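**Q** coordinates for the following, if possible.
(one chain, ligands or ions: 1)
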Amino acid sequence: MDRFAIEGGRPLEGKISGSGSKNATLPLMAASLLTQGVTVIRNVPELQDIRTMAMVLRVIGADIILENGTLNIDTSRCNFWEAPYELVRKMRASFYVLGPLIARFGKARVSLPGGCALGPRPVDLHLKGLQQLGCDISIDSGYVVAKARKLKGSEIRLDIASVGATGNLMMAALAANGVTLIDNAACEPEIVDLASMLCAMGAEIRGAGTPQVEVVGPAYLNPVEWTVIPDRIETATLLMAGAVTGGRIRLTGCRSDHLTIFLDKIKEAGADVKVEDSSVTIDMHGRKLGAVDVTTAVYPGFPTDLQPPWTALMSLAEGDTVITDSIYPERFTHVPELVRLGARIHKKVNSAYIKGVDHLTGAEVMCSDIRAAASLILATLAAEGRSNLMRVYHLDRGYERIEEKLAALGAKIQRISE
Ligand code: UD1
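**A** Presented below is the predicted three-dimensional model:
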């Protein structure tokens, strides 16, 4: 298992470019199943989660090559409609193949995702929506078994604006006869990217990016070439690495319009932010961060994926902060690790109450999920002295070549394989 040895306490400075979005790429890969032929996806981050989704598609019969950030997915010979537990348990987003498999084969057998470090993450909305489209759903030995002789366009109201359910239902609805309305749909940029690629393939989808999405079926889709949007979570995390170390970072190849609330919050915390075409520059001018409360919400609200890194930032802010996660109330495994570095945080229900400290001190800390790992890498970069960041495979799932990018900004960080 690899770890990072980090010598913290130095301001990060310089210019780097961001990667393509992991969370956008995963559903795009699943969408390739909706057509027969070669789908080409560019600006793909070379990450473990992408390789896991590639394995899921290979089980289904796709030929896949990932080279220099470009995925070639040939789905002509797909002949299997199952996603096994061994892969789905590694990455919940594998569940994205359910909708496309139903659309393509009229049946699917996909493992139910199990427990998760973020707390309970049910898939009831995916299944309820599929039933409304006319799918027969049962659970057999931990697998969702779906059968659909004929799908029919329907009105589906999601109780929660779930990203995964919106994506899955949008893709399944393409095989239904008539119009499907997904009400209270997720508005995240990753959903807009998926809908845009599906439309380029020949689908008629209206309203993506708003809470009412209409899908016209049945659609006959052709393979396309597509370029993935920049990773807004990576962008924000790298900008925060600049802020928490009191440095100055220019990030190119990013979409500031996907990060409006985050950029407002970081400005409020005292950072100087300059937005140009596709770049964002953050400069602390050596100032200390100010305390800024956040409550996570669905897009365009403050993303839950940025809550753990924001907690690291606010540990060093001047004053008291309250951070509330309304999406994943149990997503606070980073808190006890931050406390080991000297942070003063008290967790109650779904909130972290933080008393900003003057400095953190290096220590051994352990990552427990992708974004908790992001929180800890920020804190250890800011902490004085040496830290060991254990279980960095969580970072490798979500942040492309993170140690190279941080080293290019002047961080003293070394990957150690044991
Ligand atoms: C996606 C992101 C993840 C992010 C999350 C919320 C990917 C691959 N992952 O996950 O990084 O943290 O959005 O922005 O894009 N829920 C239900 N029933 C369901 C589905 C969801 O109750 O059937 C609940 C969840 O428990 C959670 C909330 O809805 O509380 C949001 O989940 P959802 O938007 O579905 O997240 P994911 O798509 O799994």
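
**Q** residues in contact with F332?
**A** P308, T311, D325, K347, A352 (CB atoms under 8 Å, 6 or more residues apart in numbering). From N, CA and C alone the C-beta is placed, and that goes for glycine too.

**Q** dump the residues you listed to JSON lines, plus pLDDT, neighbour count and secondary structure.
**A** Shown next, in JSON lines, are these (pLDDT from 0 to 100; neighbours: other CB atoms under 10 Å; DSSP: H, G, I helix; E, B strand; the rest coil):
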{"residue": "P308", "pLDDT": "98", "neighbour count": "30", "secondary structure": "helix"}
{"residue": "T311", "pLDDT": "98", "neighbour count": "28", "secondary structure": "helix"}
{"residue": "D325", "pLDDT": "98", "neighbour count": "24", "secondary structure": "coil"}
{"residue": "K347", "pLDDT": "96", "neighbour count": "16", "secondary structure": "strand"}
{"residue": "A352", "pLDDT": "98", "neighbour count": "25", "secondary structure": "strand"}
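
**Q** can you tell me which residues contact L389?
**A** R3, F4, I6, V365, C367, A373, L376, I377, T380.

**Q** mind listing which of these are in strands?
**A** Cross-referencing the contacts of L389 against strands under DSSP state E gives R3, F4, I6, V365.

**Q** the second one bridge partners, please.
**A** Just to be clear, that refers to F4. With DSSP bridges as the criterion, F4 is bridged to L389, R415.

**Q** quick one: it and N388 touch, right?
**A** Yes: the criterion here is CB atoms under 8 Å, and F4 meets it with N388 at 7.3 Å.

**Q** neighbour count for those two, which is higher?
**A** A side-by-side neighbour count of F4 and N388, using other CB atoms under 10 Å, places F4 first with 24 against 15.

**Q** and that one, how close does it get to A407?
**A** 11 Å (CB to CB, to the nearest Å).

**Q** so what sits against both of those two?
**A** Listed as contacting both F4 and A407 by CB under 8 Å, 6+ apart are I413.

**Q** please parse the chain into its domains.
**A** Domain ranges of the chain: 3-19+230-416, 22-227, per automatic domain parsing.

**Q** quick one: closest of these to the ligand.
**A** domain 22-227 (3.0 Å; CB to the nearest ligand atom).

**Q** let me see the mean pLDDT of that closest one.
**A** For domain 22-227, the mean per-residue pLDDT is 96.

**Q** next one: phi and psi at the closest residue to D183 other than its chain neighbours?
**A** Distances taken as CB to CB, 6 or more residues apart in numbering place R157 nearest to D183, at 4.4 Å, with adjacent residues excluded. Phi and psi for R157, reported as degrees, to the nearest 10, are phi -100, psi 120.

**Q** for R157, grab the count of nearby residues.
**A** 13.

**Q** kindly report the same for P329.
**A** If you count neighbours by other CB under 10 Å, P329 ends up with 15.

**Q** and it, what pLDDT?
**A** At P329, pLDDT is 94.

**Q** how about stretch 316-335: buried residues?
**A** Within stretch 316-335, the residues that qualify as buried are 316-317, 321, 323-325, 327-328, 331-335, counting by 16 or more other CB atoms under 10 Å.

**Q** what's the closest non-adjacent residue to L238?
**A** L251 (5.6 Å).

**Q** that neighbour contacts S17, correct?
**A** Yes: L251 is in contact with S17 according to CB under 8 Å; the separation is 7.2 Å.

**Q** and those two? Which one has more around it.
**A** L251 (25 against 15).

**Q** and the more buried one, what are its bridge partners?
**A** Beta-bridge partners of L251, as defined by DSSP bridges: I16, V280.

**Q** start at 189, not 1
**A** In the new count, where the first residue is 189, that last one comes out as L439.

**Q** can you check the pLDDT for it?
**A** We have a pLDDT of 97 for L439.

**Q** show the contacting residues for it.
**A** K203, I204, S205, G206, T423, L426, L427, S467, V468, T469, I470.

**Q** out of these, which are buried?
**A** Here, 16+ other CB under 10 Å leaves I204, G206, T423, L426, L427, S467, V468, T469, I470 buried among the contacts of L439.

**Q** can you redo these as a markdown table with distance to R394?
**A** Listed next are the buried ones among the contacts of L439 as a markdown table, based on distance: CB to CB, whole Å:
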| residue | distance to R394 |
| --- | --- |
| I204 | 37 |
| G206 | 30 |
| T423 | 28 |
| L426 | 35 |
| L427 | 34 |
| S467 | 32 |
| V468 | 31 |
| T469 | 37 |
| I470 | 37 |
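
**Q** any chance of those in a markdown table, with pLDDT and distance to the ligand too?
**A** Output for the buried ones among the contacts of L439, formatted as a markdown table (pLDDT from 0 to 100; distance: CB to the nearest ligand atom, whole Å):
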| residue | pLDDT | distance to the ligand |
| --- | --- | --- |
| I204 | 97 | 22 |
| G206 | 97 | 17 |
| T423 | 98 | 14 |
| L426 | 98 | 17 |
| L427 | 98 | 18 |
| S467 | 97 | 24 |
| V468 | 98 | 21 |
| T469 | 98 | 26 |
| I470 | 97 | 23 |
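
**Q** residues from this structure in reach of the ligand?
**A** Applying CB under 6 Å from any ligand atom, we find that the chain lies next to the ligand at 211, 214, 280-281, 309-314, 348, 350-353, 374, 378, 491-493, 515-516.
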